[in-house]
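Asks: after the sequence you'll find the predicted model.
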Amino acid sequence: MLTFDEYQQRVIASVGPLPAQRRPTAEVADLLGMVTAESVRSAVALPGFTNSAMDGYAVVAADVQRATEESPVEMPVAGDIPAGDTRQLELSAGSCWRIMTGAPLPTGADAVVQVELTDGGTERVQIRGAVDAGTAVRRQGEDVQPGDEVLAGGTLLQPRHVPVLLSVGVDEIAVLPRPRVAVVSTGDELVSPGEPVAHGQVVDSNGPMLGALARECGFEVAEVRRAGDTAEAVRQALSELAQTADLIVTSGGVSAGAFEPMKLAFEDSDHFEFVKVAMQPGKPQGIGTVAGTPVFALPGNPVSSLVSFLLFVAPAARVLAGRDPAVPTVEAAVAERWTSPPGRQQFARVVFDEDGRVVRPIGGQGSHVLGGLAGSQALAIVPAATTEVAVGETLRVIPLEGLA
Ligand SMILES: Nc1nc2c(c(=O)[nH]1)N[C@H]1C(S)=C(S)[C@@H](COP(=O)(O)OP(=O)(O)OC[C@H]3O[C@@H](n4cnc5c(N)ncnc54)[C@H](O)[C@@H]3O)O[C@H]1N2
Ligand code: MOO
């Protein structure tokens, strides 16, 4: 029996990052959640041209230096410069241009008087306050210079990176792609969702659940399918999926029964191992490769599948994506006593109290219990040596909401 930590380390060490891809920067909004493979340097200056920070009048500061409320300086207005004006304009001494926020400053102007300090005139304007050179002017390049690094390699792309990436004149960026995850359910008792369920049969809920988890965690779902309950059918399905997927997850068929298709298909393979991990749920686990593609064979009980995905598959897929494999946890105090199986690290389904820092168990902790799974908000981590979780104790918990 492996400890949970030993197996999780083994899983994480078994995979490496996917090859980087060059993607058009224009599509950056579709690349969120991916990691940059190299740094991004600006090809341009930002701002790209010197422009106004205010709606007002572009002036030479020296021309308005004596302007006050009581004794305004009056000058002719040469015209309007709206944002987006592409003309190359000049300012003649003793005059001004009416200018809008973001519009290019005319050559010769060195300040903008905001409209509130004027009478708002369009032919002639009265300036009622002095400004220093540089007032309300955004200088070309004051933010970013050509060649400046705007994003380090290894950055997880977030909405705040979008404006800089779209503005720095770079056509393509190198990112690690989202891993394509294929999901396979094994078991002759399964019927597809929506089909009639006869005595002895259950709906294949693991397949859609694992697909949903993959999506929620920021991966791409290559395919969700069922394979028959024979070793041959499972081998065939995995060989096909290995052509297109970066990672394959199966559920079911890994324990000690007489018809365990995953075990029958791969237990003699040099590229596979089936292990028992001292955890509950999730004891039987399989790990290996098919045609070089990593395969995670999860136990079939729905709760075991979910927990195994979060603790093993998601960290491995994050490694493929160049992301941090660590499973995020928070601390919580225990509000109600419960028991934990001896010698197995328990991942107990719990709910938070109102203040969000105290947890209590929800329902039975059996690996088949779906009602409690739906109502749970987190998995509380109970160390293998603990058999009784006491009120007031502090545990680490894995929140089940906001997994991405
Ligand atoms: N003699 C032993 N029996 C079992 C052991 C053991 O050590 N010795 N381990 C138990 C533990 S712990 C677990 S977990 C399960 C794992 O079983 P398998 O991975 O082989 O899964 P199956 O037998 O195929 O199914 C288990 C259970 O889950 C249901 N299931 C399976 N697939 C789906 C699906 N896609 N959607 C919904 N439900 C699914 C299946 O009907 C079974 O009820 O083994 C214990 N047994
Ligand atoms: O290892 Mo199983 O997941 O306890 O039911």
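Replies: The structure has been received and is ready for your questions. Ligands and ions are numbered 1, 2, ... in the order given.
Asks: contact partners for the residue in the stretch 201-350 of the chain positioned nearest to ligand 1?
Replies: Distances between the stretch 201-350 of the chain and ligand 1 by Cβ to the nearest ligand atom are smallest at G300, namely 2.6 Å. Just so you know, the C-beta spots here come from the backbone N, C-alpha and C atoms, and that holds for glycine as well. G300 makes contact with T186, G187, N206, S251, G252, G253, V254, S255, according to Cβ atoms under 8 Å, 6 or more residues apart in numbering.
Asks: at 7 Å instead, please
Replies: G187, N206, S251, G252, G253 (Cβ atoms under 7 Å, 6 or more residues apart in numbering).
Asks: what's the answer for P24, then?
Replies: Per Cβ under 7 Å, 6+ apart, neighbours of P24: D171, E172.
Asks: cool, V382 as well?
Replies: S340, Q345, Q346, A348, V389, L395.
Asks: what is the least confident helix or strand in the chain?
Replies: helix 370-375 (a mean of 85; mean pLDDT, DSSP states H and E).
Asks: any bit of the next helix or strand after that one sitting next to ligand 2?
Replies: Using DSSP states H and E, the helix or strand that follows helix 370-375 towards the C-terminus is strand 378-382. No: on the criterion Cβ under 6 Å from any ligand atom, strand 378-382 is out of touch with ligand 2, staying 12.7 Å away.
Asks: sheet-wise, list the partners of strand 378-382 with their directions.
Replies: Using DSSP bridges, the strands paired with strand 378-382 in its sheet are strand 345-352 (antiparallel), strand 394-399 (antiparallel).
Asks: now those strands as a markdown table including mean neighbour count?
Replies: Formatted as a markdown table, those follow (neighbours: other Cβ atoms under 10 Å):
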| stretch | mean neighbour count |
| --- | --- |
| strand 345-352 | 23 |
| strand 394-399 | 17 |
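Asks: quick one: Q345 and F4 touch, right?
Replies: Yes: look at Q345 against F4 with Cβ atoms under 7 Å: they come within range, at 4.4 Å.
Asks: who touches both of these two?
Replies: Common neighbours of Q345 and F4 (Cβ under 7 Å, 6+ apart) are A278, M279.
Asks: quick one: residues contacting the closest residue in space to R396 that isn't next to it in sequence.
Replies: The shortest distance from R396 to any non-neighbouring residue, by Cβ to Cβ, 6 or more residues apart in numbering, is to T329 (4.3 Å). Counting by Cβ under 7 Å, 6+ apart, T329 touches I381, R396, V397, I398.
Asks: for T329, give its distance to I381.
Replies: Using Cβ to Cβ, to the nearest Å, T329 is found at 7 Å from I381.
Asks: common neighbours of these two, please.
Replies: In contact with both T329 and I381: R396, V397, I398, using Cβ under 7 Å, 6+ apart.
Asks: tell me the one among those nearest to ligand 2.
Replies: I398 (15.9 Å).
Asks: strands of the stretch 1-150 of the chain, start to end?
Replies: Assigned by DSSP state E, counting those that start in this stretch, the strands in the stretch 1-150 of the chain fall at 21-24, 35-36, 40-41, 51-52, 56-59, 73-81, 96-99, 111-114, 124-127, 137-138, 149-151.
Asks: which helices and strands does the fifth one pack with?
Replies: The elements that strand 56-59 packs onto, with contact taken as 3 or more Cβ pairs under 7 Å, 6 or more residues apart in numbering; DSSP states H and E, are strand 96-99, strand 111-114.
Asks: okay, these in a markdown table with mean pLDDT and distance to ligand 2 next?
Replies: A markdown table is the format used below for those (pLDDT from 0 to 100; distance: least, Cβ to the nearest ligand atom, whole Å):
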| stretch | mean pLDDT | distance to ligand 2 |
| --- | --- | --- |
| strand 96-99 | 98 | 68 |
| strand 111-114 | 98 | 67 |
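Asks: can you report how many residues lie near L18?
Replies: Close neighbours of L18, defined as other Cβ atoms under 10 Å, add up to 20.
Asks: what would the contacts of G300 look like in a markdown table with distance to A316 and secondary structure?
Replies: Below are the contacts of G300 laid out as a markdown table (distance: Cβ to Cβ, whole Å; DSSP: H, G, I helix; E, B strand; the rest coil):
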| residue | distance to A316 | secondary structure |
| --- | --- | --- |
| G187 | 23 | coil |
| N206 | 18 | helix |
| S251 | 16 | strand |
| G252 | 19 | coil |
| G253 | 20 | coil |
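Asks: farthest-separated two in these?
Replies: Largest separation among those by Cβ to Cβ: N206 and G253, giving 11.4 Å.
Asks: out of the strands paired with strand 378-382, which is closest to R139?
Replies: Of all the strands paired with strand 378-382, strand 394-399 comes closest under Cβ to Cβ, at 45.5 Å.
Asks: can you give the distance of that closest one from its chain's centre?
Replies: 21 Å (Cα atoms, centre = their mean, to the nearest Å).
Asks: isn't V224 up against G211?
Replies: Yes: in this structure, V224 is within contact of G211 by Cβ under 7 Å, at 4.3 Å.
Asks: shared neighbours, these two?
Replies: What both V224 and G211 touch, as defined by Cβ under 7 Å, 6+ apart, is the set V183.
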